[in-house]
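Q: Please find the sequence and the predicted model below.
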Amino acid sequence: MKISTFLSKLFRIPFHPILFGIYPVLALYYFNREETLFFSIWRALTFSLAISVLLYILARIFFKKWEKAALAASLVVLLFFTYGHVYNMIENISVGGVILGRHRYFLPFWFGLLVLIMVLIKTERFNTQGVTNTLNTIALTLIVVVLVQMVWFSLNAQMIKLPKSSTNEQLEGSSTFQNNPDVYYIILDSYGRQDVLKDIYNLDNSDFIHQLESIGFIIPECTQSNYSDTMFSLSSSLNMEYLDGLGFSVDAPVKITVTDLLPHIKKSEVRHIFEQMGYATITFKSVYPYLDITDSTYFYNYFEHAGGAGEIETLSFYYLFLRTTAIRPLMEYAESRQNLEKNLPGNLSNWIPSANLLSSRNFRQYQQNGYLLASLEKIPDLPGKKFVYAHLFITHQPFVFTPKGDFRGSVIDDDQGYRDQILFADKRIIEIVRKIIINSKEPPVIVIQGDHSYPHSKARVKILNAYYFPNDGNKKLYPEITPVNTFRLIFDTYFGGNYELLKDVSFYSEDKSPTEFIPLPTSCIRGY
């Protein structure tokens, strides 16, 4: 049989409903390719295929003929899986003072459109000749295009050059200590400066600040982050350079992707220097898998030991996918309740995938965060010299902690949730640093730092920045220090380095234009 004849017969088989069910999952993954892992899509893909097959079977029962059933199933699949995307586009549109982006308006319209399509297809005069071949071609083309894009992205990601590492000529090999200290770089993601917490969130964390100071920490009152975005901020601090010093053009708006920056975080200059000096590198699992440094000497991940590695990523992608579907109104109804299960009418929670999904995902994050904190305080027990890079998400969404450290049964990412995380983090971090200092053979160097603050405003650069520099090392600290100079100062003070401190500058950028950097002046808690 000739290939053309085989393809001609194949394309007469109406398989397009199945492909239209697969495509939304692959497209969503590709759109979020820099922030998720491919293995995370399996649950969403299984759900999508199950829905598509079920709708196809029901359509076949209702329409009797395969061509009409396939057409109807494909249209229903497309309406079902595009509801959330279309809703996002009209969410802020109003007509005559009526906001269209409300489920009570949009859902009946979407359902009415579905009924109208079904009625039209049901009529005897509706001609399906040629429809199967056309829809098969369209569906297959969509799948092939997104797969090619995924492969192309993967190949480009593998071709990205790692940052060039120095030969440590700026380190003379001497040290203030006879034995080099362990160094802890603790990032509390989104932890704001004292004045930000008080003025914007009505939260007084002065007791936390005073306790840090009583331990020996210095908290520079004019400190800010260098950038208002996590990837920019950490790429800068972990390489002791601004973005232009890392080879990125910032003179005009340019696109700097997560993929571009990842090598500067995973294979940073700071990590390279410590490993050259014989230090073990210790890292922690992130909320975002693309930030994980899994090839460090010790990589802490709760689910690696609990037999469920990757489950958070799978649940998170599944949750994101469901919000693009017609299930979204039920999800938002469930999430608006204080208890995701008890407040749903009847036994609705058993068949709304998100009712238990969101709670499960957040509880797993709660388990993960608790495990990482417990692991952090045990680091001094590990042998040898250690560089600890602990990027913690205990003050970042999802807000899973009560102020006492219990699991928040209803996880709402609002200002109150943020305040609860800060209150818990303050108490827990004090306990941890005390244990680290007491149990360390040599006085350790500890930096507790926010990568940025929480508000989406210019106050986002105002961060917590606390330094424990033992043996009079704190004499070199100054009020305006920013993270780009953190490790320059550490290497100079404790490892005989000869690094020149850079000018302390902060840049703010909007989410919609992340590389349009706005320089901000230094501000202080007093007189800002």
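A: Here it is on my side, so go on.

Q: what ranges do the helices span in the stretch 351-500 of the chain?
A: 353-376, 415-439, 486-494 (DSSP state H, counting those that start in this stretch).

Q: Serialize those helices to TSV and add fields for mean pLDDT.
A: As requested, those are arranged in TSV below (pLDDT from 0 to 100):
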stretch	mean pLDDT
helix 353-376	81
helix 415-439	97
helix 486-494	96
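
Q: need the ones you listed in CSV with mean neighbour count, can you?
A: The C-beta positions use only the backbone N, C-alpha and C, and glycine is treated the same way. Output for the helices of the stretch 351-500 of the chain, formatted as CSV (neighbours: other Cβ atoms under 10 Å):
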stretch, mean neighbour count
helix 353-376, 20
helix 415-439, 19
helix 486-494, 22
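
Q: how about the ones you listed, which one is nearest residue 260?
A: helix 486-494 (21.4 Å; Cβ to Cβ).

Q: Show me what secondary structure element comes after the closest one.
A: strand 506-510 (DSSP states H and E).

Q: Pull out the buried positions in the helix or strand following that next one.
A: Moving toward the C-terminus from strand 506-510, the next helix or strand (DSSP H and E) is strand 513-520. Residues 514, 515, 517, 520 are the ones in strand 513-520 that count as buried (16 or more other Cβ atoms under 10 Å).

Q: quick check, nearest of the residues you listed to residue 463?
A: residue 520 (12.4 Å).

Q: nearest residue to the closest one other than its sequence neighbours?
A: residue 506 (4.5 Å; Cβ to Cβ, 6 or more residues apart in numbering).

Q: Per-residue pLDDT of residue 63, please?
A: Note for residue 63: predicted pLDDT of 84.

Q: residues contacting it?
A: The contact partners of residue 63, taken as Cβ atoms under 8 Å, 6 or more residues apart in numbering, are 69, 72, 121, 122.

Q: before we move on, back to that, tell me which of the buried residues of strand 513-520 is nearest to residue 137?
A: Closest to residue 137, out of all of these and judged by Cβ to Cβ, is residue 514, at 38.0 Å.

Q: tell me the phi and psi of the residue most central in space within the chain?
A: The centroid of the chain falls nearest to residue 288 when counting by Cα atoms, centre = their mean (4.0 Å). The phi and psi values for residue 288, taken as degrees, to the nearest 10, are phi -110, psi 120.

Q: And for residue 259?
A: Dihedral pair for residue 259: phi -60, psi -40, per degrees, to the nearest 10.

Q: burial count for it?
A: Neighbours of residue 259 under the rule other Cβ atoms under 10 Å: 14.

Q: mind checking pLDDT for it?
A: We note a pLDDT of 85 for residue 259 in this prediction.

Q: Domain-wise, how is this structure divided?
A: By the assignment in automatic domain parsing, the chain contains the domains 3-159, 183-322+386-520.

Q: CSV for those, including distance to residue 371?
A: Output for these, formatted as CSV (distance: least, Cβ to Cβ, whole Å):
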stretch, distance to residue 371
domain 3-159, 20
domain 183-322+386-520, 4
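
Q: just the helices in the stretch 201-350 of the chain please.
A: Going by DSSP H, counting those that start in this stretch, the stretch 201-350 of the chain shows helices at 206-215, 230-237, 258-266, 269-276, 302-306, 311-322, 328-335.

Q: Restricting to C-alpha, output the fourth one in PDB.
A: Yep, that's helix 269-276 we're talking about. Output in PDB follows, covering the C-alpha atoms of helix 269-276 (Å, rounded to 0.1, in the frame of the first residue of the first chain):
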ATOM      1  CA  GLU A 269      30.600  32.300  40.700                       C
ATOM      2  CA  VAL A 270      30.100  32.100  44.500                       C
ATOM      3  CA  ARG A 271      29.500  28.400  44.400                       C
ATOM      4  CA  HIS A 272      32.500  27.900  42.100                       C
ATOM      5  CA  ILE A 273      34.800  29.700  44.500                       C
ATOM      6  CA  PHE A 274      33.600  27.800  47.600                       C
ATOM      7  CA  GLU A 275      33.900  24.500  45.800                       C
ATOM      8  CA  GLN A 276      37.500  25.400  44.700                       C
END
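
Q: Could you list every helix and strand that it packs against?
A: strand 280-284, strand 386-392 (3 or more Cβ pairs under 8 Å, 6 or more residues apart in numbering; DSSP states H and E).

Q: Adding mean neighbour count as columns, could you present these in JSON lines?
A: Formatted as JSON lines, the helices and strands packed on helix 269-276 follow (neighbours: other Cβ under 10 Å):
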{"stretch": "strand 280-284", "mean neighbour count": "22"}
{"stretch": "strand 386-392", "mean neighbour count": "22"}
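
Q: got TSV for these, with distance to residue 59 and mean pLDDT too?
A: Output for the helices and strands packed on helix 269-276, formatted as TSV (distance: least, Cβ to Cβ, whole Å; pLDDT from 0 to 100):
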stretch	distance to residue 59	mean pLDDT
strand 280-284	49	98
strand 386-392	48	98
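
Q: Name the residues of stretch 469-483 that come out as buried.
A: Buried, per 16+ other Cβ under 10 Å, within stretch 469-483: 469, 470, 473, 477, 480, 481, 482, 483.

Q: for that stretch, how far is the first residue from the last?
A: Stretch 469-483 stretches 15 Å from its first residue to its last (Cα to Cα, to the nearest Å).

Q: Quick one: mean pLDDT for it?
A: 93.

Q: before we move on, back to that, ok, so of the buried residues of stretch 469-483, who is nearest residue 65?
A: For these, the nearest to residue 65 is residue 483 (65.6 Å; Cβ to Cβ).

Q: ok now do the residue lying closest to that closest one once chain neighbours are set aside, which residues does it touch?
A: Counting by Cβ to Cβ, 6+ apart, residue 483 lies nearest to residue 237, which is 3.7 Å off, once chain neighbours are set aside. Applying Cβ under 8 Å, 6+ apart, we find residue 237 in contact with 226, 449, 451, 483, 484, 486, 487.

Q: circling back to that earlier point, lowest average pLDDT across the domains of the chain?
A: Among these, domain 3-159 scores lowest, at a mean of 84.

Q: burial of residue 510, as a residue count?
A: Residue 510 has 11 nearby residues by other Cβ under 10 Å.

Q: Can you name the residues bridging to it?
A: Beta-bridge pairing for residue 510 (DSSP bridges): residue 513.

Q: Distance check, residue 453 against residue 461.
A: 7 Å (Cβ to Cβ, to the nearest Å).

Q: Could you name every residue contacting both of the two?
A: residue 225.

Q: rewinding a little: is it possible to get a markdown table of the helices and strands packed on helix 269-276 that adds distance to residue 271?
A: Output for these, formatted as a markdown table (distance: least, Cβ to Cβ, whole Å):
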| stretch | distance to residue 271 |
| --- | --- |
| strand 280-284 | 6 |
| strand 386-392 | 7 |
